[in-house]
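Asks: Below is the sequence, then the predicted model.
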Amino acid sequence: MRIHFIAIGGSAMHNLAIALCQKNHQVTGSDDEIFDPAKSRLEKYGILPKKIGWDDNNITKDLDAVILGMHAKRDNPELVKAQKIGLKIYSYPEFLFEMSKDKIRIVIGGSHGKTTITAMILHVLHKLNINSDYMVGAQLAGFEVMVRISPEAKYMVIEGDEYLTSPIDLRPKFHIYQPNIALISGIAWDHINVFPTFDIYVEQFSIFCDKIMPNGSLIYCQEDYNVKKVAEKSREDIEKLSYSIIPHKIENGKTSIIWKEKDYPIEIFGKHNLMNLYGAMLVCQKIGIKNEDFLNSIRDFKGASKRLELVKKNDSVAIYKDFAHSPSKLKATISALKEQYPQRKLIACMELHTFSSLTAEFLLQYKGAMDMADEAIVYFNPHTIAHKKLPEITKEQVFEAFGRNEIKVCIDSIEVVETIKQHKWENTNLLMMSSGNFDGIVFEGLADELI
């Protein structure tokens, strides 16, 4: 096939482009900005656009398909021309569904945990040599790309994002996939630019359940009130399996699963990950994998990229980075480190970076989110707010929103680093949380300086 990507530089988009290139499809693309790692990876496969920007000459009648990314606008000249000459236009969720219509589709949804659960399932399938296609939102060890499409795989495992599909299709992505097996890990209000009230946000998960195939399965976290409510109201023909925290123990900073009186040491930790693991195990159970085989296979799973990822450690200090940015994710990640290292002090630092987190109304949701940390630092860049065309917020607003007297608020990433360096780094852990990069802080370099 000859396929052109409009907005090829996106995380999922460039991975899909590479996956199709690997299958010997003729792939081209365009974008008005492309950053690493997408830029280097597209260049490696020979499909990096020769110039930055849009050009309707890229759109020709001999294209078999156009795949449209969310980064493009409705008036994009390439999109307009593709519509005018009647080309088949897909969003990437639509294309994935088209490629998986004859497969058993496993879709992992939730406000948090979906990347990790998807990664756990893929790790186990890979270890057990079970052929599967997939789409996951983070780089995984042992996987070259985040997307795989093949004619022979029986399963398609998809991380089901609730954000919008494309500029011309305003459905949430996970409404497209029509799962045979669905999982919901948690519901915590996010994307307020698209879902202005919590009720509207929750409704998207009810619709997701409605999209489950007849006599399909729904696996859900019963510890989450809103998830449980949505699951219990879903169709009667759907099989429902609930999960919570899997039995476990923590000894000397090492977590082990306890299953049928046998211990299974694991690399990951934290109550949220122990719930994620149980959910992933139930998914695998549904496709015929024995629980014992799952637990043996998951032992060496170290997590998805930037999900409680260890940067560096010695005998008395550990430095972690995490994708956490919403209030529920901050609480879960901070709690995990405090439980794993109860004798150590924890300095937690987070960056307000997403549209929601930089909105005055949503800021109020962060009250108490960092209370479990011994010391807390919050960083935001006023230029990011201006770039997103949002109303200004002040350091005082952020301070008040978190509801913690001793919290430090910074608007300069250099100040963040200097504040961290002032501490005596013994018997202390550092947690850096953001969906961005603190405007260029190199975590590995910082870790080298501290320990």
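Replies: Happy to help now that I have it.
Asks: what's around the residue nearest to residue 126 when sequence neighbours are not counted, how many residues?
Replies: Leaving aside its sequence neighbours, residue 126 sits nearest to residue 142 (CB to CB, 6 or more residues apart in numbering; 6.5 Å). No exception for glycine: its C-beta is placed from N, CA and C like everyone else's. Residue 142 is flanked by 8 other residues according to other CB atoms under 10 Å.
Asks: I'd assumed residue 125 was in contact with residue 142.
Replies: No - if you go by CB atoms under 8 Å, residue 142 and residue 125 don't touch, sitting 11.5 Å apart.
Asks: need the helix or strand of this structure with the lowest average pLDDT.
Replies: helix 382-387 (a mean of 90; mean pLDDT, DSSP states H and E).
Asks: Show me what the helix or strand just after that one packs onto, helices and strands only.
Replies: Next helix or strand after helix 382-387 toward the C-terminus (DSSP states H and E): helix 395-402. If you count contacts as 3 or more CB pairs under 8 Å, 6 or more residues apart in numbering; DSSP states H and E, helix 395-402 packs onto helix 360-363, strand 375-379, strand 408-410.
Asks: I would like the residues contacting helix 395-402, please.
Replies: By CB atoms under 8 Å, 6 or more residues apart in numbering, the residues outside helix 395-402 that reach it are 352, 360, 363-364, 366-370, 376, 378, 380, 407, 409, 411.
Asks: same thing but at 10 Å, please
Replies: Here helix 395-402 makes contact (CB atoms under 10 Å, 6 or more residues apart in numbering) with 327, 330, 350, 352, 357-358, 360, 362-371, 376, 378-380, 382, 393-394, 405, 407-411.
Asks: For it, buried residues please.
Replies: Buried residues in helix 395-402, counting neighbours by 16 or more other CB atoms under 10 Å, are found at 398, 401, 402.
Asks: now the residues you listed as CSV including pLDDT?
Replies: CSV is the format used below for the buried residues of helix 395-402 (pLDDT from 0 to 100):
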residue, pLDDT
398, 97
401, 96
402, 97
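Asks: which one of these sits closest to residue 207?
Replies: Among the buried residues of helix 395-402, residue 401 lies closest to residue 207 (CB to CB), at 30.7 Å.
Asks: where exactly do the helices run in the stretch 151-300 of the chain?
Replies: Assigned by DSSP state H, counting those that start in this stretch, the helices in the stretch 151-300 of the chain fall at 198-210, 225-232, 271-286, 291-298.
Asks: want to try TSV for the ones you listed, with mean pLDDT, mean neighbour count and distance to residue 90 as columns?
Replies: Output for these, formatted as TSV (pLDDT from 0 to 100; neighbours: other CB atoms under 10 Å; distance: least, CB to CB, whole Å):
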stretch	mean pLDDT	mean neighbour count	distance to residue 90
helix 198-210	97	17	20
helix 225-232	98	17	28
helix 271-286	97	23	26
helix 291-298	98	18	34
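Asks: Figure out which of those is closest to residue 133.
Replies: Comparing the helices of the stretch 151-300 of the chain by their distance to residue 133 (CB to CB), the top pick is helix 271-286, with 15.1 Å.
Asks: filter the contacts of helix 395-402 to the buried ones?
Replies: Buried subset of the contacts of helix 395-402 (neighbour count, 16+ other CB under 10 Å): 327, 330, 350, 352, 357-358, 362-363, 365-366, 369-370, 376, 378-380, 393, 407-411.
Asks: Geometric centre of the chain: which residue is closest?
Replies: Closest to where the C-alpha atoms of the chain average out (CA atoms, centre = their mean) is residue 115, at 4.5 Å.
Asks: Next, the contact list for residue 20, please.
Replies: Taking CB under 10 Å, 6+ apart as the test, what residue 20 contacts is 1, 3, 5, 26, 27, 47, 65, 67, 95, 99, 147, 149.
Asks: Backbone dihedrals for it, both of them.
Replies: Per-residue torsions, residue 20: phi -70, psi -40 (degrees, to the nearest 10).
Asks: Residue 4 too?
Replies: phi -120, psi 130.
Asks: Just to check, it is in contact with residue 54?
Replies: No - applying CB atoms under 10 Å as the test, residue 4 and residue 54 come out as separate, 11.6 Å apart.
Asks: hmm, back to that, I'd like to know which of the contacts of residue 20 is nearest to residue 130.
Replies: Nearest to residue 130, judged by CB to CB, of these is residue 149 at 16.5 Å.
Asks: for the record, mean pLDDT for stretch 174-182?
Replies: Across stretch 174-182, pLDDT averages out at 98.
Asks: List the buried residues for it?
Replies: For stretch 174-182, the neighbour count (16+ other CB under 10 Å) marks 174, 175, 176, 177, 178, 179, 180, 181, 182 as buried.
Asks: out of the residues you listed, which are inside strands?
Replies: 181, 182 (DSSP state E).
Asks: For the buried residues of stretch 174-182, give me a markdown table that also has distance to residue 218.
Replies: Formatted as a markdown table, the buried residues of stretch 174-182 follow (distance: CB to CB, whole Å):
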| residue | distance to residue 218 |
| --- | --- |
| 174 | 13 |
| 175 | 15 |
| 176 | 17 |
| 177 | 14 |
| 178 | 13 |
| 179 | 9 |
| 180 | 11 |
| 181 | 8 |
| 182 | 5 |
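Asks: Now residue 77. Nearest residue, chain neighbours left out?
Replies: That would be residue 56: by CB to CB, 6+ apart, it lies 4.5 Å from residue 77.
Asks: I figured that neighbour hits residue 76, correct?
Replies: Yes - with contacts defined as CB under 10 Å, residue 56 counts as touching residue 76 at a distance of 9.1 Å.
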